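**Q** Provide a 3D model corresponding to the input given below.
(2 chains)
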Amino acid sequence: MSVDLEMEEILKVFFEECAEGLQAMETGLLTLDASADRDTIDAIFRAAHSIKGGAGMFGFMEISQFTHAVETLLDQMRNGSRAVTPDAVQVLFQSIDVMREMTVLAEARQPIVSAHADAVSTLLAQILGREPPGAAAVTTHTAAAAPPPPREPEPAGWRIDFKPHTSLFKTCNDPLRIFRELETLGPLRAVADVAQLPPLAAMDPTLCYLAWNLDLTGSVLQPQVAEIFEWVDADSAIAYRPLVGAGEDEPAPLPPARLAGTPVPVIGVPAPTVPAMVVPVAAAAPSGAAAPAAGRPAADAGSIRVATEKVDALINLVGELVITQSMLGRFSEHYDPENLESLRRGLTHLTRNTRDLQESVLKIRMLPISFSFNRFPRLVHELSRKLGKKVELQLNGENTELDKIVLEKIGDPLVHLVRNSLDHGLETPAARLAAGKSDTGLLELNAFHEGGSVIIEVKDDGAGLNTARILAKARERGLVEPDVTPTNEQIYNLIFAAGFSTAETVSDVSGRGVGMDVVRRNINDLGGHVQVSSTAGRGSTIRIRLPLTLAILEGQMLRVGPETYVISLVSIVETVQPRQAHVQSISGRAEVFKHRDEYLPIIRLHELFGIEPDHREISKGLLVVAESDGKRVAILVDELLAQQQVVIKSLDTNFRHVPGLAGATIHGDGRVALILDVPSLIGKFLEGASPQVDYAA
Amino acid sequence: MQLKTIPERKMNGQLVVAEHEQYVSFMLGGEEYGADITRVQEIKGWDTVTRVPYTPNYILGVVNLRGAIVPVIDLRMRFGLDHVPFEPTTVIVVIRVAAERGERTVGVVVDAVNEVHDIPTANIQPSPDLLGGLIDQVFIKGIATQGGRMVILLDIEKLVNSSIGVA
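**A** Model prediction:
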């Protein structure tokens, strides 16, 4: 692997960590609203700190400089020198946005110019400059944001008590390098404290037993010094004390070790007991707030961070598979009908192993839906403020796992649905009180498994869908004929029509009428379904049914003549044995099937695909009623075969996209079966294309 | 075009580098054709093919090649030759070619596979114009004579990609 590629990999990890860190900051800030407890601020601070450090290391100076101001503010909150005010929290939220924007730009290798960075920097500077932190002046500073108020005389230098963790060397840090770096700031005197040095026999050469007292002379700002210790401050005790006047505070009873070579441990130097402000930066201690494995939303260069236990489970299973294999292998060596029982047992094992293995492998792609849900507290928080509504957000089933791709693609539709609920669904506090409800609206996001699918619900206790208004609007737009009275369910489906909006005013929240159609299309693209239910005055629920994964399909096998096809079970409404009486032809050619007061166009699959079927009479075959995008059709097939899970293989990889097909799968006997793509089949049928398309050169 | 360098030999103190190209030759309607050996992944026995709708007749369908879905082209039909019943010698030559995105694997049905020819680059002649008709000229890289027989060297990559069409 070339160095460049390696660097790419490392950068990718950095950006992933940034995304996680920002998410952790955001989550932390949201709880900061209610009660400012130390652990939360610590967690936010640590996240900011590591982003700053990483950005600095990779040379994204814009990010590290900006984050520095954020970190400063957080540090002041952390050590209690600044109160956690809603204003400050708001600015921190905005800062996270800027940081996110910057990291995205950095990742895209674009110049890191954030439109809001300056504005937010100014806000940060204002907050930092407003009331200079009192006692914390030593440990914090405001250089990036505003010049620090010169409360103390310019330090003549710094006394640094550096007591590294014994595992210092294991983290690839070398104190010598740190000292050399310090020396670039000014003359340095280093005195080693060997008090912890064990007898030679008991010494582990890989550990660091030394501590140092460093005197750095020169007018240097504390952050400059702190920056040098950036990489070790996580697990080391470092204390900075300004040297007020040269020569005043000079202990150094022995000739200090100059930094030409290895720092010579000087025996007998007492550890100074001067009171100093110790800055423990416990970045290494994960106190539960450490961000869990996350996939960046909208990351196309797919990489997944997988929990170790998932990988371990996989290794265990492969181990069992190997055992089963040797069990079966023995049978082939000593073939004996008496051993048939052990063969049977072996095969049972194999079946179980295979199934477990399949499940575990799929789990690798599964991430908890909280990755999608955790953006909502913030969204709801801000939106409800903007709209002047009181909203309580409830997230249920955040640990429900979904395929990574599904998870990424469901994010935007969910945002849309939540915005809609807030804007159109939930009423203002006054309206709620007038309706006899509590003034705080309840918005629920629920996720759970049902059958082989994941259900996500966006549920509010607002006014519900106004069927009369939707219908009136739809009539006005010509979507519904004046003499037709649609059912409530049909009316609800109207909100998914393109360009449909009943909002009287177009706000920047919603009302433009773009969106719900996109929401439904996105969900259908994922092989899912949306369903709306609503009770006037009581609220509405939008229910999204999604497949667990895109790699596996719950399929219904069906046969037409000699060919076997697979159709997704989700798209099948039902299957009926048609009676000729229910089939009518329109203008001699097109056929429709009367099914529960609805006329469905009949798609003769054999004609569409040019296959010789068993029967041409509809009454001798079966009609599969399939639905896509609100359209229903009846597909004529010869026979229904088994229902089973099939692994979806792409046709595009070696071949090309074929209209009407979603891909292919492999049968138990090794043959290939094609998977029907219902939406495209319907499209193909409606355009009445001929089965033979010649594209040969 | 893949150039094969035969190990350098010292001859009378001189360095002699002979450039050769290797071709897998196969039969099609009594004629011998050659495909660049670096494009040939494997030779596979005849297998049941699953038909795919909306494809030209020379695409027989798709097969399962160790879990990958691979399209199969009938070269006889592609070149407009008569259809003959598949015999035991009928095989699928599995070809790997560069595609728009990475590589693609495609099976090509031929009457029989012959041998591997080691042809000195100098012996490859451009195809004469009169050959046109049966096979489009653009798919022919050249012609070589091996053991008294003529071998038509195909630009298999161009042929396969044009047969599959743009995805």
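
**Q** which residues touch residue 158?
**A** With no chain named, the answer covers chain A. In this structure, A:Trp158 makes contact with A:214-216, A:220, A:222, A:225, A:240-243, judged by Cβ atoms under 8 Å, 6 or more residues apart in numbering or on different chains. From N, CA and C alone the C-beta is placed, and that goes for glycine too.

**Q** my bad, the chain I had in mind was chain B
**A** By Cβ under 8 Å, 6+ apart, B:Lys158 lies in contact with B:138-139.

**Q** do A:Arg616 as well
**A** Counted by Cβ under 8 Å, 6+ apart, A:Arg616 has contacts A:His606.

**Q** for the spatially most central residue of chain B, grab phi and psi.
**A** By Cα atoms, centre = their mean, chain B has its centre lying nearest to B:Ala35, at 3.2 Å. Dihedral angles of B:Ala35 (phi, psi; degrees, to the nearest 10) stand at phi -120, psi 130.

**Q** now swap in the one 4 residues further on and tell me
**A** Phi and psi for B:Arg39, reported as degrees, to the nearest 10, are phi -90, psi -20.

**Q** same deal with A:Arg375?
**A** Dihedral angles (degrees, to the nearest 10) for A:Arg375: phi -80, psi -10.

**Q** quick check, it in contact with A:Gly411.
**A** Yes: counting by Cβ atoms under 8 Å, A:Arg375 sits close enough to A:Gly411 to count as a contact (7.5 Å).

**Q** A:Ala313: how many residues sit nearby?
**A** Residues contacting A:Ala313 under the criterion other Cβ atoms under 10 Å in any protein chain shown number 17.

**Q** need the contact list for it.
**A** Neighbouring residues of A:Ala313 by Cβ under 8 Å, 6+ apart: A:360, A:363.

**Q** tell me which element it falls in.
**A** In the assignment (DSSP states H and E), A:Ala313 maps to helix A:308-333.

**Q** which parts of that helix are buried?
**A** Buried positions in helix A:308-333, judged by neighbour count with 16 or more other Cβ atoms under 10 Å in any protein chain shown: A:313-314, A:317, A:321, A:324, A:327-328, A:331.

**Q** need those residues in JSON lines with pLDDT, can you?
**A** Converted to JSON lines, the buried residues of helix A:308-333 look like this (pLDDT from 0 to 100):
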{"residue": "A:Ala313", "pLDDT": "87"}
{"residue": "A:Leu314", "pLDDT": "90"}
{"residue": "A:Leu317", "pLDDT": "89"}
{"residue": "A:Leu321", "pLDDT": "90"}
{"residue": "A:Thr324", "pLDDT": "87"}
{"residue": "A:Met327", "pLDDT": "83"}
{"residue": "A:Leu328", "pLDDT": "85"}
{"residue": "A:Phe331", "pLDDT": "78"}
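
**Q** and of these, the nearest to chain B?
**A** Comparing the buried residues of helix A:308-333 against chain B with Cβ to the nearest Cβ places A:Leu321 closest, at 17.0 Å.

**Q** hang on, isn't A:Ser628 packed against A:Val570?
**A** No: with contact defined as Cβ under 8 Å, A:Ser628 does not reach A:Val570; the gap is 9.8 Å.

**Q** what about the two, which has more around it?
**A** A:Val570 (24 against 19).

**Q** scan the helices and strands of chain A for the one with the lowest mean pLDDT.
**A** Least confident helix or strand of chain A, by mean pLDDT, DSSP states H and E, is strand A:277-278 with a mean of 39.

**Q** pull out the buried positions in stretch A:48-63.
**A** Applying 16+ other Cβ under 10 Å to stretch A:48-63 flags A:48-56, A:58, A:60, A:62-63 as buried.

**Q** whoops, stretch B:73-87 was the one
**A** B:73-79, B:81.

**Q** could you say which helix or strand holds A:Gly555?
**A** Using DSSP H and E, A:Gly555 sits in strand A:552-560.

**Q** name the residues of chain B found near chain A, please.
**A** Selection of chain B residues close to chain A by Cβ under 8 Å from any Cβ of the partner chain yields B:48, B:50-58, B:61-64, B:67-71, B:78, B:104-106, B:136, B:162-167.

**Q** B:Val116: neighbouring residues, count only.
**A** Other residues near B:Val116 come to 12 when the count uses other Cβ under 10 Å.

**Q** which stretches of chain B have low pLDDT?
**A** For chain B, residues meeting the criterion pLDDT under 70 lie at B:1-18, B:129-135, B:166-167.

**Q** what do you get if the cut-off is 50, keeping everything else the same?
**A** Applying pLDDT under 50 to chain B picks out residues B:1-2, B:6-11, B:13-14, B:167.

**Q** quick one: is stretch A:628-641 near chain B?
**A** No: contact of stretch A:628-641 with chain B is not found when judged by Cβ under 8 Å from any Cβ; the minimum separation is 13.7 Å.

**Q** mean confidence score for that stretch?
**A** Mean pLDDT, stretch A:628-641: 86.

**Q** how far out from the middle of the chain is that stretch?
**A** In terms of Cα atoms, centre = their mean, to the nearest Å, the centre of stretch A:628-641 is found 36 Å from the chain centre.

**Q** start and end of it, how far apart?
**A** For stretch A:628-641, the first-to-last residue distance is 22 Å (Cα to Cα, to the nearest Å).

**Q** then stretch B:65-78?
**A** By Cα to Cα, the extent of stretch B:65-78 from end to end equals 22 Å.

**Q** next one: it to chain centre, how far?
**A** From the chain centre to the centre of stretch B:65-78 is a distance of 13 Å (Cα atoms, centre = their mean).

**Q** what's the answer for stretch A:45-55, then?
**A** The answer for stretch A:45-55 is 19 Å, by Cα atoms, centre = their mean.

**Q** what's that stretch in contact with?
**A** Against stretch A:45-55 from outside (Cβ under 8 Å, 6+ apart): A:14, A:17-18, A:20-22, A:24-25, A:28, A:61, A:63-64, A:67-68, A:70-71, A:74-75, A:77-78, A:99, A:103, A:106, A:230-231, A:281-283, A:289, A:291.

**Q** which members of those are classed as buried?
**A** A:14, A:17-18, A:20-22, A:24-25, A:28, A:63-64, A:67-68, A:70-71, A:74-75, A:77-78, A:99, A:103, A:106, A:281, A:283, A:291.

**Q** ok, and the closest non-adjacent residue to A:Ile160?
**A** Spatial nearest neighbour of A:Ile160, chain neighbours left out: A:Leu214 (4.2 Å); criterion: Cβ to Cβ, 6 or more residues apart in numbering or on different chains.

**Q** now the one you found: how far from A:Ala307?
**A** Using Cβ to Cβ, to the nearest Å, A:Leu214 is found at 42 Å from A:Ala307.

**Q** could you pull out the helices for the stretch 501-650 of chain A?
**A** For the stretch 501-650 of chain A, helices defined by DSSP state H, counting those that start in this stretch occupy the ranges A:516-525, A:605-609.

**Q** can you tell me which of these is packed in deepest?
**A** Mean neighbour count, computed with mean count of other Cβ atoms under 10 Å in any protein chain shown, is highest for helix A:605-609 among the helices of the stretch 501-650 of chain A, reaching a mean of 21.
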